[in-house]
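Chemist: model this:
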Amino acid sequence: MSSFSKRGDIAAFLAMDVMAKAKAKSRAGEAICHMEVGQPGTPAPLKVRQSAKQALDDQILGYTEALGLPALRERIAKHYKQDYGVTIDPEHVVITTGSSAGFVLAFLATLDAGDKVAVPQPGYPCYREILKSLDVEPHFLSLGFENNWQPEIAHIEQAIHKHKIKALLLASPSNPTGVVMEDALIREIAQLTKANNVWFIMDEIYHGLVYDQQEMTLAGFNEATIVLNSFSKYYSMTGWRIGWMVVPPHVVRTIEKLSQNLFISPPCLSQIAAIAAFEAKDELEDIKACYQTNREILQNGLMEVGIKRMAPADGAFYIYADMSDFTDDSLAFSQSLLETHGIAACPGLDFDEANGRFMMRFSYAGPKQEIVEAVKRLKEKPLS
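Modeler: Prediction:
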């Protein structure tokens, strides 16, 4: 039998494994509270669906330019001006097949095999696994209660000077913690990385989902920054697989050539529909208000069942909870929770291979009644 590539020998995305098991139970008739993946429990906004239906009737829906439909690129640039007061040239906007394709393009455009990239720990697990599949080494920046789950300048400087990183990848709001980085810290990091010829790649996929403050974008900050975003989270379009990047002018052509060869183009129907997403603000803000209600219900419920320490859930739609009073094996705990309570939640080991065995991530992106039911089950059958 032929051997497999070493590049393909990466870890499973545990949240997706939990989802597969939970969905199998749902199909078998079990009432499962789905809190395992970061997926809105609502469909795409009405205007998005109407736009897609119209396009199906009226358009051919063939390939688009590799960088995306000009109309969508222009609309995203307009979004930055309207929402952030930042002027972005539409030519610097790249449409991607979800943010996942954006990460692949960003890494291939800026990194070579053997390079090192600083990534947060805990952090989105696909960061490290995509990097590993490209023969790029992740260097972990440890985040926790002691530093309020935000990266420290001293650790970044050490990563630059001692570990010789080529790039830094951060997220705000973050997954799994929901923490929003301070504006001053983002600016300081951007200046530090530029001064040391290090790329700063910022994942802004949860922008729009910040509850008590205003988030800052890194888009267009300087020629050493790349921003990734998506229509999956705030815009409630996970299955449409459509995202975008904002990149410096000198890497646009490199990314275009990569996109041509790897993906040809992003999905045409999703691009057309995504233009309409920016006109669905009222509906999207109503959905966001539901998340905020869910956050309060879940935080209070977890505290009532003895889970006292959680990361600050400033944004996104997750609670990252310290379960050390109940387990030192979050993977086994996740499996047990699904079997005993019918609650699907993600083990912290997905996000942090060092300390995640004590942590669990609960998503509150689903319907309110599911969050209420999950809390009810936790109270009726205490954790042990």
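Chemist: tell me where this protein is predicted with low confidence.
Modeler: Along the chain, the parts satisfying pLDDT under 70 run over 1-2, 384.
Chemist: strands of that one, start to end?
Modeler: Per DSSP state E, the chain has strands spanning 33-35, 93-96, 116-121, 137-142, 167-171, 199-203, 225-230, 243-246, 318-322, 343-347, 359-363. These are given in chain order.
Chemist: and C290, which of those is closest to it?
Modeler: strand 359-363 (13.2 Å; C-beta to C-beta). For glycine as for every other residue, the C-beta is placed from the backbone atoms N, C-alpha and C.
Chemist: hmm, back to that, in a markdown table: the strands of the chain, plus mean neighbour count and distance to K81.
Modeler: As requested, those are exported to a markdown table (neighbours: other C-beta atoms under 10 Å; distance: least, C-beta to C-beta, whole Å):
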| stretch | mean neighbour count | distance to K81 |
| --- | --- | --- |
| strand 33-35 | 25 | 36 |
| strand 93-96 | 27 | 12 |
| strand 116-121 | 22 | 29 |
| strand 137-142 | 18 | 32 |
| strand 167-171 | 25 | 23 |
| strand 199-203 | 25 | 19 |
| strand 225-230 | 26 | 15 |
| strand 243-246 | 27 | 12 |
| strand 318-322 | 24 | 30 |
| strand 343-347 | 26 | 36 |
| strand 359-363 | 28 | 32 |
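Chemist: do you know which of these lies nearest I287?
Modeler: Going by C-beta to C-beta, the one of the strands of the chain nearest I287 is strand 359-363, 14.2 Å.
Chemist: ok so, going back, what's the closest of the strands of the chain to P382?
Modeler: strand 343-347 (13.2 Å).
Chemist: what's the angle from the closest one to strand 318-322?
Modeler: Strand 343-347 and strand 318-322 meet at an angle of 70 degrees, taking axes from the mean of the first three to the mean of the last three C-alpha atoms, to 10 degrees as the criterion.
Chemist: check the offset of strand 343-347 from the chain's centre.
Modeler: Centroid separation for strand 343-347 versus its chain: 17 Å, with C-alpha atoms, centre = their mean, to the nearest Å.
Chemist: from the contact counts, what lies against that strand?
Modeler: If you count contacts as 3 or more C-beta pairs under 8 Å, 6 or more residues apart in numbering; DSSP states H and E, strand 343-347 packs onto helix 14-27, strand 33-35, helix 330-341, strand 359-363, helix 368-380.
Chemist: for I226, find the nearest of those.
Modeler: Of all these, it is helix 14-27 that lies closest to I226, at 24.7 Å by C-beta to C-beta.
Chemist: may I see the strands of the chain organised as JSON lines, with distance to P382 added?
Modeler: Shown next, in JSON lines, are the strands of the chain (distance: least, C-beta to C-beta, whole Å):
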{"stretch": "strand 33-35", "distance to P382": "16"}
{"stretch": "strand 93-96", "distance to P382": "45"}
{"stretch": "strand 116-121", "distance to P382": "31"}
{"stretch": "strand 137-142", "distance to P382": "32"}
{"stretch": "strand 167-171", "distance to P382": "34"}
{"stretch": "strand 199-203", "distance to P382": "36"}
{"stretch": "strand 225-230", "distance to P382": "38"}
{"stretch": "strand 243-246", "distance to P382": "41"}
{"stretch": "strand 318-322", "distance to P382": "15"}
{"stretch": "strand 343-347", "distance to P382": "13"}
{"stretch": "strand 359-363", "distance to P382": "16"}
